[in-house]
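Peer 1: structure for this input, please:
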Amino acid sequence: MDFRGFLLIDSPILVGSCMARDCKGSPMRVTVKFAVICVSLLIAAHADAVSQRNQINALDFRERGARLRVELERAYQDLRHTGEFKAAGNDVSPIVKKYIPVGTSFADAETALRSSGFDIDPLPPREPPENPSSLWSDDKLMLRFAIFGTLVLAKKGVSRITVEITLLPKILEADHNTVKGVRAAIYYRGV
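Peer 2: All right, here's what the predicted structure looks like:
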């Protein structure tokens with residue numbers, strides 16, 4: 001919503017119309033009504049700004065995802081042309097960290113990965129266990145709440161070149177929706 005048309009707050013016409021509508025004509029009552037109108041407009045403007053910021057943020061992460069895909073494809077081609085490609089895995093974590101840095105929310109990270117073309121494994125429920133006993137070490141909790149994704153860069157028959165990614169969460173009190181670590185590698189997957 002655009003509230004610029006309502007910015008006649010300092011206008012004597014607006015104040016006069018408030019006084020004309022007020023049956024008792026109390027200046028205090030008019031002031032209170034005026035303050036309520038101002039606060040309402042500020043709240044609406046803030047809500048609109050937050051909505052626009054969220055839309056821009058989502059666009060930013062979709063754009064990051066597109067750039068990430070291009071850079072991962074370039075890294076694979078470079079590895080192939082230099083003869084340094086290892087079928088057992090080629091670390092590309094630094095590339096991914098440029099686009100999904102530590103501290104990114106999981107929602108934004110997932111937006112970027114999906115925009116890159118990653119298939120994301122279904123996420124488990126986000127609630128931590130009720131009674132984390134010795135069965136739930138920090139490593140197990142991290143893996144339970146991690147995001148796993150796969151991107152196929154190339155395929156021929158049953159053979160594939162994939163990027164496999166794991167985004168590890170912070171396991172700190174209730175915060176397990178923020179990226180703490182990134183692991184990503186390009187693999188040869190075939191028969």
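Peer 1: count the residues that sit near Val181.
Peer 2: Careful, residue 181 is Gly; it's not Val. For Gly181, the count of nearby residues is 14 (other C-beta atoms under 10 Å). Quick note: C-beta positions are derived from backbone N, CA and C, even for glycine.
Peer 1: where are the low-confidence patches of this protein?
Peer 2: Applying pLDDT under 70 to the chain flags the ranges 1-25, 44-59, 123-143, 171-176, 191.
Peer 1: following element in sequence after the top helix by length along it, please.
Peer 2: Scanning the chain for the longest helix, with DSSP state H as the assignment, gives helix 27-82. The element immediately downstream of helix 27-82 (helix or strand, assigned by DSSP states H and E) is strand 90-91.
Peer 1: export the helix or strand that that following strand is followed by to PDB, keeping only CA atoms.
Peer 2: Note on strand 90-91: by DSSP H and E, the next helix or strand toward the C-terminus is helix 93-99. Below are the C-alpha coordinates for helix 93-99, written out as PDB (Å, rounded to 0.1, in the frame of the first residue of the first chain):
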ATOM      1  CA  SER A  93      32.800 -25.200  -0.100                       C
ATOM      2  CA  PRO A  94      34.500 -21.800  -0.500                       C
ATOM      3  CA  ILE A  95      32.400 -21.100  -3.600                       C
ATOM      4  CA  VAL A  96      29.200 -21.900  -1.900                       C
ATOM      5  CA  LYS A  97      30.100 -19.900   1.200                       C
ATOM      6  CA  LYS A  98      30.400 -16.800  -1.000                       C
ATOM      7  CA  TYR A  99      26.700 -17.100  -1.800                       C
END
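Peer 1: got the buried residues for helix 93-99?
Peer 2: Buried positions in helix 93-99, judged by neighbour count with 16 or more other C-beta atoms under 10 Å: 95-97, 99.
Peer 1: from the residues you listed, which is closest to Thr178?
Peer 2: Of all these, Thr178 sits closest to Lys97, with 14.2 Å by C-beta to C-beta.
Peer 1: bridging residues for the residue nearest to that closest one when sequence neighbours are not counted?
Peer 2: Leaving aside its sequence neighbours, Lys97 sits nearest to Val182 (C-beta to C-beta, 6 or more residues apart in numbering; 5.0 Å). Counting by DSSP bridges, Val182 is bridged to Leu167.
Peer 1: state the number of residues packed around the spatially closest residue to Asp119 that is not a sequence neighbour.
Peer 2: By the measure of C-beta to C-beta, 6+ apart, the closest residue to Asp119 outside its immediate chain neighbours is Thr150, 5.2 Å from it. Thr150 sits with 17 neighbouring residues when counted by other C-beta under 10 Å.
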